[in-house]
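>>> Build the 3D model from these lines:
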Amino acid sequence: GLSSFKLYLTYQYKLNDDEVLQALRRLHESGALTTVHPENDAAIASKRAEFIAAGLTAPRYHALSRPLECEAEAIARMINLAQIAGNAPLYIVHL
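Numbers count the residues shown, from 1 in each chain. Down below sits the predicted model:
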């Protein structure tokens, strides 16, 4: 059976909070571990747009468009959603 499943809060596979909550509940019920790539996609998109508008498109701006606060906010949100989902087990990847 399924032992774990990875969720994304960014990139083309990103889920919204309702989808995350549903996934957490179902995975918890099945005994699977939820893993998550946590980043605040909207904040990253805003920062990326600022850099692009300023002509700052060198590879180093990829990391700069993803400040630590974008990850910290998403981690806190995921922990809260896991608690709402009945203390669903959660593994944070790519810290």
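>>> what's the distance between the residue nearest to the spatial centre of the chain and residue 51?
Residue closest to the average C-alpha location in the chain (CA atoms, centre = their mean): residue 38, at 2.5 Å. As judged by CB to CB, to the nearest Å, residue 38 and residue 51 stand 21 Å apart. For the C-beta atoms, the positions are set from N, CA and C on the backbone; glycine is no exception.
>>> go on, residue 44?
11 Å.
>>> Repeat that for residue 30.
Distance from residue 30 to residue 51, counting by CB to CB: 41 Å.
>>> neighbour-wise, which of the two wins?
In this view residue 30 and residue 51 are compared by other CB atoms under 10 Å, and residue 51 has more residues nearby, 15 against 11.
>>> Can you list the buried residues in the host helix or strand of the more buried one?
Assessed by DSSP states H and E, residue 51 sits inside helix 41-53. Buried residues in helix 41-53, defined by neighbour count with 16 or more other CB atoms under 10 Å: 41, 43-44, 47-48.
>>> so which of those comes closest to residue 64?
residue 47 (7.7 Å; CB to CB).
>>> Distance of the closest one relative to residue 5?
To residue 5, residue 47 is 29 Å away according to CB to CB.
>>> do the same with residue 34
From residue 34 to residue 5 the distance is 6 Å (CB to CB).
>>> Okay, now the unreliable bits of the chain?
Within the chain, not a single segment meets pLDDT under 70.
>>> State which helix of this protein is the longest.
helix 68-84 (DSSP state H).
>>> Return the list of helices and strands in contact with that helix.
On a contact count with 3 or more CB pairs under 8 Å, 6 or more residues apart in numbering; DSSP states H and E, helix 68-84 meets helix 17-30, helix 41-53, strand 90-92.
>>> now those as JSON lines including distance to residue 64?
Conversion of these to JSON lines gives the following (distance: least, CB to CB, whole Å):
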{"stretch": "helix 17-30", "distance to residue 64": "26"}
{"stretch": "helix 41-53", "distance to residue 64": "7"}
{"stretch": "strand 90-92", "distance to residue 64": "22"}
